[in-house]
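Trainee: Any chance you can model this:
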Amino acid sequence: MRSSERSQPALGEAVRELRRKRGATQEALARDAELTTATLSLIERGEANPTWDTLKKVSAALDVKISDLARLSEKFES
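Mentor: Here you go, the predicted model:
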């Protein structure tokens, strides 16, 4: 995953909201998604541009479809 000049705050907010609804810590979600806590933190803060593979892992760990994650992200963009 790369840092992004274009921030991704809506995606980060969506991931954070779903994680909190699940009652998971960043550490637990990162472990379930096979990411480092630092990487998940960057995603949640909108400071990273996650790859498709990373999004698939995060979605699976949250037990949601990527399309659901995208829809929630769009709501935060409004």
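Trainee: those strands in this structure, which residues are they?
Mentor: Here the chain has its strands, by DSSP state E, at 2-3, 48-49.
Trainee: How far away from the center of its chain is the last one?
Mentor: What it means is strand 48-49. Averaging C-alpha coordinates over strand 48-49 and over its chain gives two centres that are 10 Å apart (CA atoms, centre = their mean, to the nearest Å).
Trainee: Then stretch 54-72?
Mentor: That offset, for stretch 54-72, works out to 8 Å (CA atoms, centre = their mean).
Trainee: Show me what it is in contact with.
Mentor: Identification of contacts with stretch 54-72 by CB atoms under 8 Å, 6 or more residues apart in numbering yields 1, 11, 14-15, 17-19, 22, 29, 32-35, 39-40, 43, 50. All C-beta spots, glycine's among them, are computed from the backbone N, C-alpha and C.
Trainee: CA atoms of that stretch as PDB?
Mentor: Extracted in PDB, the C-alpha atoms of stretch 54-72 (Å, rounded to 0.1, in the frame of the first residue of the first chain):
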ATOM      1  CA  THR A  54      -6.200  -4.700   1.000                       C
ATOM      2  CA  LEU A  55      -9.800  -3.600   0.500                       C
ATOM      3  CA  LYS A  56     -10.800  -7.200   0.000                       C
ATOM      4  CA  LYS A  57      -9.100  -8.200   3.200                       C
ATOM      5  CA  VAL A  58     -10.600  -5.400   5.200                       C
ATOM      6  CA  SER A  59     -14.100  -6.100   3.800                       C
ATOM      7  CA  ALA A  60     -13.800  -9.800   4.600                       C
ATOM      8  CA  ALA A  61     -12.500  -9.000   8.100                       C
ATOM      9  CA  LEU A  62     -15.500  -6.700   8.600                       C
ATOM     10  CA  ASP A  63     -17.800  -9.300   7.100                       C
ATOM     11  CA  VAL A  64     -19.200  -6.900   4.500                       C
ATOM     12  CA  LYS A  65     -19.100  -6.800   0.700                       C
ATOM     13  CA  ILE A  66     -16.700  -4.300  -0.900                       C
ATOM     14  CA  SER A  67     -19.800  -2.700  -2.500                       C
ATOM     15  CA  ASP A  68     -21.300  -2.100   1.000                       C
ATOM     16  CA  LEU A  69     -18.000  -0.400   2.000                       C
ATOM     17  CA  ALA A  70     -18.100   1.700  -1.100                       C
ATOM     18  CA  ARG A  71     -21.700   2.800  -0.600                       C
ATOM     19  CA  LEU A  72     -21.000   3.800   3.000                       C
END
